[in-house]
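> with the input below, show me the fold.
(2 chains)
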Amino acid sequence: MNPTSVLLLLDLLVKVAPSVVALVDAVRDGHAITQADIDAATAAAHQAADGWDAAAGAEPEAPRE
Amino acid sequence: MELATSIFAVVGALYTLALAIVKLTPTPRDDAALAKVSPWLQGLAKLFGLDLKQGIASAPASQVKLLAPVLLPALFAVALVASVAGCTTARSTPQSQYVAAAHTYAVTVQALTTAQQAGQLNPDNLPAITAAVHTGRELLDAWAAALAAGQDAPDLAASLQGILAQLAHYYQATLENPR
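Reported below is the predicted structural model:
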């Protein structure tokens, strides 16, 4: 495995770890979802979309009003 | 059964991550490691009445990469039922479905981003993937706004389900035809 692959792999793990943990919490029976959970999920989705735009060289979406 | 499908949302996300790791590492060792995981997936699926015997473990090692794209959409399909369409279940609330869907979207897009950074995606697919990523984000924003207004949004959830399936399709295409 070359250094670039190692870095990409670590980057991916660091980025998705919070989402995977939150996903487990979201589907866990009895876990009460708070507004903070919803905001964090929205932020994770936005961060992922922004990351895609940067990687694909796409024009980032204008923030919604 | 609702909880079972919810569990598959997590399994689907983890499996996507495992596949990304396998595709990023050129050694056959981790491919073999992923093949060892599949009996666990099969056992879990069997517990909830799903038969994944056609998946990785029963196949020769040489077919693992060919069968993985088949298993991935299957897991995604179940995951999406849980994270998007199961809003009416007793255990899960619209809020928990939104959170699960948003994180499933985030993990899927992150995996695609990493594949793009590794140069594994077909450039011809980039505009369509970008459009799907943007549409998914807009749907999530609209869904969050509906929840904030105290409304459920099954139509938005269904549309997001289609977008996530589309993103999974592009990930599947990457696995079938890596560059």
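
> test my guess that B:Thr113 contacts A:Ala55.
Yes: using C-beta atoms under 8 Å, B:Thr113 is in contact with A:Ala55, at 4.7 Å. Yep, even glycine has a C-beta here, placed from its N, CA and C like the rest.

> more neighbours, the two?
Counted by other C-beta atoms under 10 Å in any protein chain shown, B:Thr113 and A:Ala55 do not tie: B:Thr113 has more neighbours, with 27 against 19.

> any idea how far chain A is from that one?
5 Å (C-beta to the nearest C-beta, to the nearest Å).

> pLDDT below threshold where in chain B?
B:1-91, B:175-179 (pLDDT under 70).

> what's the burial count for B:Ala173?
By other C-beta under 10 Å, the residues close to B:Ala173 number 15.

> going by secondary structure, it is in what exactly?
Counting by DSSP states H and E, the element that carries B:Ala173 is helix B:154-176.

> do that helix and chain A meet?
No: with C-beta under 8 Å from any C-beta of the partner chain as the criterion, chain A is not reached by helix B:154-176; the gap is at least 9.8 Å.

> that helix packs against which elements?
helix B:2-24, helix B:64-80, helix B:94-117, helix B:126-148 (3 or more C-beta pairs under 8 Å, 6 or more residues apart in numbering or on different chains; DSSP states H and E).

> which positions within it qualify as buried?
For helix B:154-176, the neighbour count (16 or more other C-beta atoms under 10 Å in any protein chain shown) marks B:156-157, B:159-161, B:163-164, B:166-172, B:174-175 as buried.

> and A:Lys15, what does it touch?
Counting by C-beta atoms under 8 Å, 6 or more residues apart in numbering or on different chains, A:Lys15 touches A:47-48, A:51, B:110.

> pretty sure B:Gly136 contacts A:Ala49?
Yes: using C-beta under 8 Å, B:Gly136 is in contact with A:Ala49, at 7.4 Å.

> quickly list what's touching both of the two.
Counting by C-beta under 8 Å, 6+ apart, the common neighbours of B:Gly136 and A:Ala49 are B:Val109.

> low-confidence stretches in chain A?
Counting by pLDDT under 70, chain A shows low-confidence ranges at A:1-10, A:27-31, A:59-65.

> show me where it has strands.
With DSSP state E as the definition, chain A shows no strands.

> which parts of it are helices?
Here chain A has its helices, by DSSP state H, at A:3-27, A:35-56.

> the ones you listed into TSV, with extra columns for distance to B:Trp143?
Below are those laid out as TSV (distance: least, C-beta to C-beta, whole Å):
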stretch	distance to B:Trp143
helix A:3-27	14
helix A:35-56	9
